[in-house]
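Participant: could you work out the structure for the sequence below:
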Amino acid sequence: MSRVEKRNSMRGTKTQHSYLLDGSIKLPGVTTILGALSKGDALNYWASKMGGRYGMENAAELWSLPEDVRDLRLGRAHAVARDAAGEIGTQFHGFAQRLALGEPVSRAEIREADPDLLRMLMWARKFLDSYQFKPLLTETVVWSLQHRYAGTLDLVASSPLFPGRVFLLDWKTGGVYRDAALQLAAYANADFYVSASGEDGPMGELEITDHVVLKIDQSEGRVVPVPLATGPEVFDYFLTAKAAYERRVLDKTLVSKDELTRPQVEVLS
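Facilitator: Numbers count the residues shown, from 1 in each chain. Predicted coordinates:
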């Protein structure tokens with residue numbers, strides 16, 4: 001059996017997961033590690049837009065609230081939107097895995113989960129059929145013994161349209177940022193994947209050649225395959241991000257809470 005176990009837990013209404021090596025050693029997840037990186041101005045712009053939109057849609061109610069409550073509502077508007085999008089993304093991944101495996105997904109199931117998922121999954125099915133991807137792995141835990149991290153990849157697949165190539169694919173229902181390249185580089189350079197039977201298999205035997213994000217583009221109404229960089233320098237970048245993540249334990253100690261006091265100097269007359 002695999003030396004790594006993925007465990008799910010609930011925090012409030014959100015499902016969280018962790019990875020344990022040999023039952024007791026916690027391995028940081030790839031996406032958790034990459035949370036140490038800033039996504040830059042694009043995400044800041046999006047957060048500001050969500051706050052502005054919430055303010056316009058709820059102006060009458062907001063003006064009736066105390067200033068501190070109003071500020072909190074506006075400041076958290078992007079987080080509420082992010083969590084809602086994350087929930088849709090989680091549901092989408094579950095259904096998309098079934099589509100990749102060729103399993104039927106009824107419209108009734110999708111409507112019960114979220115009405116917006118129906119069109120997204122229609123685009124996903126059309127894309128998978130068009131590119132003729134055949135899954136080798138879906139929703140699979142990967143982990144590195146050497147570098148001590150773990151994660152869950154979406155899909156490894158091949159296609160007769162691309163002979164000799166094996167694709168590491170990742171569904172994105174939101175934006176595509178630089179950390180996507182680091183995320184897939186981490187998966188591809190892990191030491192092991194956990195097979196359906198629960199055994200560890202060497203990642204190298206998959207012979208992955210391409211890293212691609214499958215972006216659900218709401219404006220175009222389709223899945224857009226976005227190729228990512230794959231060189232060794234990209235994995236080195238991920239390891240640098242991991243080193244920064246591991247140093248975050250120092251965050252609260254970097255700025256002193258005390259004031260620098262001037263020494264008392266005796267003045268000689």
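Participant: so which bits of the helix or strand Trp123 falls within are buried?
Facilitator: If you go by DSSP states H and E, Trp123 is part of helix 115-131. By 16 or more other Cβ atoms under 10 Å, the buried positions in helix 115-131 come out as Leu117, Met120, Leu121, Trp123, Ala124, Arg125, Phe127, Leu128, Tyr131. No exception for glycine: its C-beta is placed from N, CA and C like everyone else's.
Participant: among those, which one lies nearest to Thr140?
Facilitator: Leu128 (17.3 Å; Cβ to Cβ).
Participant: Leu260 in helix, strand or coil?
Facilitator: Classification of Leu260 using DSSP: H, G, I helix; E, B strand; the rest coil returns coil.
Participant: ok, it - how many residues close by?
Facilitator: 5 (other Cβ atoms under 10 Å).
Participant: before we move on, what about Lys172?
Facilitator: Residues near Lys172, counting by other Cβ under 10 Å: 19.
Participant: can you list the low-confidence ranges for this structure?
Facilitator: 10-15, 38-47, 78-89, 110-115, 269 (pLDDT under 70).
Participant: repeat the analysis, applying 90 as the threshold.
Facilitator: 1-2, 7-17, 35-122, 173-175, 177, 218-221, 249, 251-252, 262-269 (pLDDT under 90).
Participant: which stretches of it form strands?
Facilitator: Using DSSP state E, the strands of the chain run over 4-11, 14-21, 25-27, 134-144, 149-158, 166-172, 192-194, 200-202, 210-217, 222-228.
Participant: who's in contact with the last one?
Facilitator: By Cβ atoms under 8 Å, 6 or more residues apart in numbering, the list of residues contacting strand 222-228 from outside reads 123-124, 126-127, 131, 176, 180-181, 184-185, 210-217, 234.
Participant: 10 Å instead?
Facilitator: Strand 222-228 is touched from outside by 96, 120, 122-128, 130-131, 167-172, 176, 178, 180-185, 210-217, 234, with contacts defined as Cβ atoms under 10 Å, 6 or more residues apart in numbering.
Participant: picking up where we left off before, can you lay out the strands of the chain as JSON lines showing distance to Thr240?
Facilitator: JSON lines is the format used below for the strands of the chain (distance: least, Cβ to Cβ, whole Å):
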{"stretch": "strand 4-11", "distance to Thr240": "23"}
{"stretch": "strand 14-21", "distance to Thr240": "21"}
{"stretch": "strand 25-27", "distance to Thr240": "18"}
{"stretch": "strand 134-144", "distance to Thr240": "15"}
{"stretch": "strand 149-158", "distance to Thr240": "13"}
{"stretch": "strand 166-172", "distance to Thr240": "21"}
{"stretch": "strand 192-194", "distance to Thr240": "23"}
{"stretch": "strand 200-202", "distance to Thr240": "25"}
{"stretch": "strand 210-217", "distance to Thr240": "18"}
{"stretch": "strand 222-228", "distance to Thr240": "17"}
